[in-house]
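Engineer: Here's my sequence, what's the structure:
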Amino acid sequence: MDTPALFDPHAVTAHRARARDEDALFLHKFAASEVSERLKDVNRTFTDAVFIGWQGPLWAKETGVFPRFIPDSDVLDLEPESCDLIVHCLGLHWSNDPVGQLIQMRRALRPDGLMISVMFAGETLDELRQSLTQAEAAISGGISPRVAPMADLRGLGALLQRAGFGLPVADIEPVRVAYETPWHLMRELRAMGEANAMTARGKGFTRRDLFVKMAEVYAQNFCEDGRMMATFELAFLTGWAPSDTQQKPLRPGSATTRLADFLGATEMGEDGEKA
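Structural biologist: Numbering: from 1, shown residues only. Purely as a prediction, here's the structure:
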């Protein structure tokens, strides 16, 4: 029996189609500027780049790269070994098959090609999640899926390895944003195309008293200097298509220099004698 999809791709597309406020895309701009700095550190010229995602042109403007743009569907429009750079532009967290997309990207890279994927992860919107959970438990005695689950950093690193990338690196950039009220936060989530798109989400109207209670819980627990704080954690996944020219980790036990010699220290044995 097929496993039900966690996310509704039609809802994701509809939410993005209604996102028309460019000011609400500040996290896309921040993430793209981070990718731009990382590309500068690589110090390599890329000639066949692909950007994946609905805001690819914004990312191209921020990074100065001239890529081909493709949508972030679970089946990507990529040919094997057709490009030397792939950037997944803040959308992988809505994928029902993230490891499948990573594998497709790795296969589409030429040897020693670079992949950078940015997605929401970790503690993103944890304040809103906790407030909604507490409010719904108090009002109705149960909870509904209202904030999408987020992958942790260790799990994302494992995904890179499963996908077959060389030199995999996963790191988190936290961003804390202050809002006047939780209502302003939820409006901005809709404006940036990040409203709830889980398949199991409630399809009917939500009782107003639930949101009133949520705002009360939010203000009690996550208010600083009169502002409601919201956490966004951006995960940056970096990997290279395997190549014979890449550095390889040494085989365990193959070191020829002792750490004690390098530090100029005296190494002691288990019995307390000099080794």
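Engineer: Phe165 touches Arg106, doesn't it?
Structural biologist: Yes. Using C-beta atoms under 8 Å, Phe165 is in contact with Arg106, at 5.6 Å. All C-beta spots, glycine's among them, are computed from the backbone N, C-alpha and C.
Engineer: anything in contact with each of these two?
Structural biologist: 115, 239, 241 (C-beta atoms under 8 Å, 6 or more residues apart in numbering).
Engineer: Tell me how far Pro111 lies from Gln246.
Structural biologist: 9 Å (C-beta to C-beta, to the nearest Å).
Engineer: so which of the shared contacts of Phe165 and Arg106 is the most crowded?
Structural biologist: The most crowded member of the shared contacts of Phe165 and Arg106, judged by other C-beta atoms under 10 Å, is Gly239 (27 neighbours).
Engineer: how about the nearest residue to that residue, chain neighbours excluded?
Structural biologist: Phe165 (2.7 Å; C-beta to C-beta, 6 or more residues apart in numbering).
Engineer: burial count for Leu27?
Structural biologist: So Leu27, with other C-beta under 10 Å, has 19 neighbours.
Engineer: Touching the host helix or strand of it from outside, list them.
Structural biologist: Element membership of Leu27, judged by DSSP states H and E, is helix 26-42. Outside helix 26-42, the residues that touch it by C-beta under 8 Å, 6+ apart are 46, 55, 58-59, 62-65, 85, 87, 89-90, 114, 116, 118, 173, 175, 192, 232, 234, 236, 238.
Engineer: Please apply the same query to stretch 177-184.
Structural biologist: Contacts for stretch 177-184 (C-beta under 8 Å, 6+ apart): 128, 131, 185, 188, 211, 214-215, 218-219, 224, 227-230, 232.
Engineer: Tell me the buried residues in that stretch?
Structural biologist: 179, 182 (16 or more other C-beta atoms under 10 Å).
Engineer: cool, stretch 50-63 as well?
Structural biologist: In stretch 50-63, the ones that count as buried by 16+ other C-beta under 10 Å are 50-56, 58-60, 62-63.
Engineer: Now do that stretch: distance from first to last residue.
Structural biologist: Start-to-end span of stretch 50-63 (C-alpha to C-alpha, to the nearest Å) is 13 Å.
Engineer: ok, and what's touching that stretch?
Structural biologist: For stretch 50-63, using C-beta under 8 Å, 6+ apart, the contacting residues are 16, 25, 28-29, 31-33, 35-36, 39, 65-72, 76, 78, 83, 85-91, 105, 108, 193.
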